[in-house]
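Asks: model the following, please.
(2 chains, ligands or ions: 2)
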Amino acid sequence: MARYLVNRVAAMAGILLLVCLFTYAVFFLFSPDPAVQICGKTCTPERIDQIRDNLGLDQPFWSQFLTFLKGIFVGRSYGDGVSAVQCSAPCLGYSFQSSQPVTDMMLQRLPVSATVAIGAAVLWLLGGVSAGLLSAVREGTWVDKTLTGLTLGGMSIPNYVLALVLQYVLVVRLQWLPFPQAVPFSDDPVQWFLNFVMPWIVLAVGYAAAYTRLTRANVIDTLQENFLRTARAKGLAPRLVWRRHALRPALTPVVTVFGMDFAGLLGGALITETVFGLNGVGKLAADSIAKNDQPVIMGVTLLAAFFVVIGNVVVDLVYTVIDPRVRVGT
Amino acid sequence: MNGPAQNLLEVSDLTVSFPTATGHTDVVSHLDLTLEKGGALGIVGESGSGKSLTSLAIMGLLPGKARRSGSIRFAGDELTTMSESALRRVRGDRIAMIFQDPLSSLNPYYTVGAQIQEAYRSHRKGVSRRQARQVSIEAMERVHIKDAARRVDDYPHQFSGGMRQRVMIAMALSTEPELLIADEPTTALDVTVQAQILELLEEIRRETGSGLILITHDLAVVSEITDHIVVMRYGECVERGPVEAVFSDPQHAYTRDLLDAVPRIDDDIAALRTPGRAGEAT
Ligand SMILES: Nc1ncnc2c1ncn2[C@@H]1O[C@H](COP(=O)(O)OP(=O)(O)OP(=O)(O)O)[C@@H](O)[C@H]1O
Ligand SMILES: [Mg+2]
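Replies: Ligands and ions are numbered 1, 2, ... in the order given. This is a model prediction of the structure:
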C-alpha cells in the first residue's frame, strides 16, 4: 500500500513536470516578444534590452525553463543589484498587464472558482444520480423516457444560452432572484448566496445530464449481474438487494467520473464565470488570453493541470477503498 | 397431505413462456418433476432446453416478462400461490441454489464471509455478528476450504474457480436447506476440479439428507451422483426414470444421442450401458 502510494505520487510529479515543460515550450516558441509587450508604446531599444535581461529572455530555452521551475519550488529574483525583485516560491512570474504576482492573482480568485464548483457539484450529484436511479428503476416507462429526453436537452444546451435564458426567466420575468451584485460574503450572505444560484444551475445542468445517463446505464447493467440473482436467491428483501448488491457496484464508476470533473472545475469554469462576471480562475484565464498575458495564461494552465493530476490520484486512492479488486497488497 | 412418504418437491404441468412478437413461446412446457425427501434428481438436456428456467421457476425468480403456470409443491406447500414475502422465507433458507459461474455469481465488493452469512442472518433473526461469522467459517470448513478462519475475510477474486464454487456451496449450506438446486455447478470448472465439486455435493447430501436437483448438460456428471434423471429437450421432458434404467436402455433417440456425446471415456458409463457389466462399475 505504501509503495503504491509512493509510486502514484512519483508518477504524478513526473506528469506535472511534463505539463510544465510542454506549456513552457509552447509559450517560448509561439509567443510574440514579451519585452515589447511589457514596454508598451513609448519604448526605447535600451529599455527593451533591459527588460529582456531582467526576465532572462536572452538565455537559452533550457536555462530559462530551469529558472522557471526553480521559481516554483524555491523562488527566484528578477534583475540584479539594487533593482532586483525577489519573487518567493511558488513563483510563477508577474502579469505583463498588472505587474501583480501571478500566484497571488490565482490565489485571490481560487475561492470563487471553488464556490462555483462545490455548489454546482452538490446540485449535479444530487440531481443526476437520483434522476439516473429513478430512470433505471422505471426503465421503459414514461418517467424514464421523459428523463432521457431532458438528459439529451441538458447535454446539448450551451452554457451561455442557458445562462441568458435563466437570467431572463428568474431575474427579469419571475423576479425570484435579485439582480446580481458583487458583495462579499461578510457584508450580505443572502445576496452573496443568491448571486451564485444561477452559475451553480448553469454549470450543473450539463453535468447532471451526463450523470443521469451514466447512473442509469450503470444501474441497468448491474441489475443484470449474476450476483444480483444470487442475492435474490438468498431470499433477501428487495431493499437489501438494492442497497447492498446493486447500488455499490452501480455507483462506483460515478465516483471516478466525479473526481475528474470536480478537479477539472477547480481550475476554473471559463464560460460560466465569464458570463456571470464572477472573478474566478476561469475568468482570469479568459481575460489573460484576450490580452495575451503569458505568465498568467501559463499560471492558470498549470493550476488546472495540477488539480486534474491531484484529482486522478485522489480518485485512485478512493478506488482502493471502495473496490476490493484494485486493493493492492491483499 | 400424504403423510410421511410425502415428496419434497412435486412439480406438475409447469409451463414457462415468454412473450414474442406474435404471441407466446413456451420455453418449458407441461413439465412434471418429482423429488423424494433426500433424493437426488438430475435434469439433463442440451443448451436452451429450459433447464435453468425450470430451476428459476421453482425459486420464483423468473425474469419479469416470463409467465408461469402449473403447480409447484414444496414439502406440501404450493409455491405458485404463495405471497412474495412468504416465498422469500423459503428462498435461501429451505431451498438454496448454486449457479453456474461462481465468479460472476459472487459480489466482488464483499468478502466471501459477508456473503455466506447474509442468507443466514436474514433468515435467522437476532443473530449476532460473531455467531454469523462463526456460521460462515463452519460452512467454509464443511466445503473443505483450508484455513477458513482467515479466508473468511478474503474477497471472491482472491479464490480460484473451484474454491469460488465451494464458497457458493458454503453459502447455500449455511441455512441447512431441505433442497439444493445446483444449476451446472461444474460447467465453468476444469475436469479435476469438477470431480471434486461433485464429490462434495454428494458428501453434503449424504451428511445433511437434503434433496438435490442437479442440472447439467453432461450425462457423466448426473450418473455419478443422482438416482433419478429427467431428460429435457425444447422445454419438454422426453425421458425420465432411474439413472441405471435410462443409461442402460434409453427409450428416446435424443437420450441415445446425449449418451453417445459423452465427451470423455468414462468407465462408469461404459459399464452402465452394457447391462451385463453393470455390476463391475466402481
Ligand atoms: N429472458 C428471456 N427472454 C426470452 N427467452 C428466454 C429468456 N431467457 C431464456 N430464454 C429462452 O428460453 C430457453 C431456455 O433457456 P434456459 O436458460 O432455461 O436453457 P438451459 O437449458 O439452461 O440452457 P444452458 O445449458 O445453455 O444453460 C432458451 O431457448 C432461451 O433462449
Ligand atoms: Mg442454463
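
Asks: using PDB, list the CA coordinates for stretch A:229-244.
Replies: In PDB, the C-alpha atoms belonging to stretch A:229-244 read as follows (Å, rounded to 0.1, in the frame of the first residue of the first chain):
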ATOM      1  CA  ARG A 229     -29.700 -13.200  -8.900                       C
ATOM      2  CA  THR A 230     -27.600 -14.800  -6.100                       C
ATOM      3  CA  ALA A 231     -28.800 -12.100  -3.700                       C
ATOM      4  CA  ARG A 232     -32.400 -12.700  -4.600                       C
ATOM      5  CA  ALA A 233     -32.000 -16.500  -4.400                       C
ATOM      6  CA  LYS A 234     -30.900 -16.000  -0.800                       C
ATOM      7  CA  GLY A 235     -34.300 -14.600  -0.100                       C
ATOM      8  CA  LEU A 236     -33.000 -11.100   0.800                       C
ATOM      9  CA  ALA A 237     -35.600  -8.300   1.000                       C
ATOM     10  CA  PRO A 238     -35.600  -6.200  -2.200                       C
ATOM     11  CA  ARG A 239     -34.500  -3.300  -0.100                       C
ATOM     12  CA  LEU A 240     -31.300  -5.100   0.900                       C
ATOM     13  CA  VAL A 241     -30.700  -6.500  -2.600                       C
ATOM     14  CA  TRP A 242     -30.700  -2.900  -3.800                       C
ATOM     15  CA  ARG A 243     -28.800  -1.300  -1.100                       C
ATOM     16  CA  ARG A 244     -26.100  -3.900  -0.700                       C
END
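
Asks: what ranges do the helices span in chain A?
Replies: Ranges of helices within chain A are A:2-30, A:34-39, A:45-55, A:61-73, A:102-137, A:142-156, A:159-166, A:189-223, A:226-233, A:238-240, A:248-266, A:270-275, A:281-290, A:294-322, based on DSSP state H.

Asks: quick one: closest of those helices to ligand 1.
Replies: Smallest distance to ligand 1 across the helices of chain A (Cβ to the nearest ligand atom): 12.0 Å, for helix A:226-233. C-beta coordinates here come from the backbone N, C-alpha and C atoms, glycine included.

Asks: what residues does the closest one touch?
Replies: Residues outside helix A:226-233 that contact it (Cβ atoms under 8 Å, 6 or more residues apart in numbering or on different chains) are A:222, A:240-241, A:244-246, B:59, B:61, B:91-92, B:96-97, B:99, B:101, B:104-108, B:115, B:118, B:168, B:171.

Asks: could you check the angle helix A:189-223 makes with that helix?
Replies: Calculated by axes from the mean of the first three to the mean of the last three Cα atoms, to 10 degrees, helix A:226-233 forms an angle of 90 degrees with helix A:189-223.

Asks: quick check: residues of chain B near chain A?
Replies: Proximity of chain B to chain A is confined to B:59, B:61, B:87-93, B:96-97, B:99, B:101, B:104-111, B:115, B:118-119, B:122-123, B:154-155, B:157-158, B:168, B:171 under the rule Cβ under 8 Å from any Cβ of the partner chain.

Asks: if I look at the residue lying closest to A:Leu5 once chain neighbours are set aside, how far off is A:Gly259?
Replies: The shortest distance from A:Leu5 to any non-neighbouring residue, by Cβ to Cβ, 6 or more residues apart in numbering or on different chains, is to A:Leu317 (7.6 Å). Noted for A:Leu317: a distance of 10 Å to A:Gly259, by Cβ to Cβ, to the nearest Å.

Asks: compare neighbour counts for those two and give me the winner.
Replies: A:Gly259 (21 against 14; other Cβ atoms under 10 Å in any protein chain shown).

Asks: from what I can see that one touches A:Asn312, true?
Replies: Yes - in this structure, A:Gly259 is within contact of A:Asn312 by Cβ atoms under 8 Å, at 7.5 Å.

Asks: next up, the contacts around residue 201.
Replies: As the question left the chain open, I've gone with chain A. With contacts defined as Cβ under 8 Å, 6+ apart, the neighbours of A:Ile201 are A:120, A:123, A:162, A:166.

Asks: to clarify, I was referring to chain B.
Replies: Counting by Cβ under 8 Å, 6+ apart, B:Leu201 touches B:169, B:180, B:182, B:185, B:212, B:214, B:225.

Asks: and with 10 Å instead?
Replies: B:40, B:98, B:143, B:165, B:169, B:180, B:182, B:185-186, B:212, B:214, B:221, B:224-226 (Cβ atoms under 10 Å, 6 or more residues apart in numbering or on different chains).

Asks: which among the residues you listed gets closest to B:Arg205?
Replies: When these are ranked by distance to B:Arg205 (Cβ to Cβ), B:Leu212 comes first, at 5.1 Å.

Asks: the closest one - how many residues pack around it?
Replies: 24.

Asks: name the helix or strand for the residue nearest to B:Ala149 when sequence neighbours are not counted, please.
Replies: Leaving out its chain neighbours, the residue that sits closest to B:Ala149 by Cβ to Cβ, 6+ apart is B:Ile137, at 5.3 Å. Per DSSP states H and E, B:Ile137 falls inside helix B:129-142.

Asks: can I get that helix in PDB? Just the C-alpha atoms.
Replies: Below are the C-alpha coordinates for helix B:129-142, written out as PDB (Å, rounded to 0.1, in the frame of the first residue of the first chain):
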ATOM      1  CA  ARG B 129     -22.200 -10.700  14.100                       C
ATOM      2  CA  ARG B 130     -19.900 -13.100  15.900                       C
ATOM      3  CA  GLN B 131     -22.300 -16.000  15.600                       C
ATOM      4  CA  ALA B 132     -22.900 -15.300  11.900                       C
ATOM      5  CA  ARG B 133     -19.200 -15.100  11.300                       C
ATOM      6  CA  GLN B 134     -18.800 -18.400  13.100                       C
ATOM      7  CA  VAL B 135     -21.500 -19.900  10.900                       C
ATOM      8  CA  SER B 136     -19.700 -18.800   7.700                       C
ATOM      9  CA  ILE B 137     -16.400 -20.200   8.900                       C
ATOM     10  CA  GLU B 138     -18.100 -23.500   9.700                       C
ATOM     11  CA  ALA B 139     -19.800 -23.600   6.300                       C
ATOM     12  CA  MET B 140     -16.400 -22.900   4.700                       C
ATOM     13  CA  GLU B 141     -14.900 -25.700   6.700                       C
ATOM     14  CA  ARG B 142     -17.600 -28.100   5.600                       C
END
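
Asks: and the next helix or strand past it?
Replies: Downstream of helix B:129-142 (by DSSP H and E), the next one is helix B:148-151.

Asks: that following helix: how far from the chain's middle?
Replies: Here helix B:148-151 shows a centroid-to-chain-centroid distance of 26 Å under the convention Cα atoms, centre = their mean, to the nearest Å.

Asks: now do that helix, average pLDDT.
Replies: For helix B:148-151, mean pLDDT is 94.

Asks: in the helix holding B:Ile137, which residues are buried?
Replies: If you call a residue buried by 16 or more other Cβ atoms under 10 Å in any protein chain shown, then helix B:129-142 has these buried ones: B:132-133, B:135-137, B:139-140, B:142.

Asks: let's have those in TSV, adding distance to B:Met82 and pLDDT.
Replies: Listed next are those as TSV, based on distance: Cβ to Cβ, whole Å; pLDDT from 0 to 100:
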residue	distance to B:Met82	pLDDT
B:Ala132	27	93
B:Arg133	31	94
B:Val135	26	94
B:Ser136	28	94
B:Ile137	33	95
B:Ala139	27	93
B:Met140	31	94
B:Arg142	30	88
